[in-house]
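J.: show me the folded form of this:
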Amino acid sequence: MDEYIYVGKIVGTHALKGEVKVISETDFKDERYAKGSRLYLRLNEEMVPVTVKSHREHKQFDLLSFEEYPTIDHVQPHVKSELYVHTSDL
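T.: Here you go, the predicted structure:
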């Protein structure tokens, strides 16, 4: 069985370019959220892979965008989703 480690939760969107606000629970933000990194969205007990397009910090949030979700319309359904990293990517 695959093993995943929780790294944060999407709590909202930011602007129109598909950025999401994440409350992060990782000590390794630079590694986890580096451009090109693979994360997983937990959607209805399924783990869906996403590729980090960008990361920046804003106030108390980490703002992430994903290659697979280029606009706010694409990411809006994923608000309140949890983000994970696969143990093989540690």
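
J.: burial of Tyr6, as a residue count?
T.: Applying the criterion other CB atoms under 10 Å, we find 12 residues in the vicinity of Tyr6. C-beta here means a position set from N, CA and C on the backbone, and glycine is covered the same way.

J.: residues contacting it?
T.: Residues near Tyr6 by CB atoms under 8 Å, 6 or more residues apart in numbering: 25, 82-84.

J.: per-residue confidence averaged over the top strand by length along the chain?
T.: With DSSP state E applied, the strand covering the greatest number of residues in the chain is identified as strand 46-58. When pLDDT is averaged over strand 46-58, the result is 97.

J.: what residues sit buried inside it?
T.: Using 16 or more other CB atoms under 10 Å as the test for burial, strand 46-58 gives 50, 52-53, 55.

J.: pLDDT below threshold where in this protein?
T.: Scanning the chain for pLDDT under 70 picks out 1.

J.: all helices of it, in order?
T.: For the chain, helices defined by DSSP state H occupy the ranges 29-32, 72-75.
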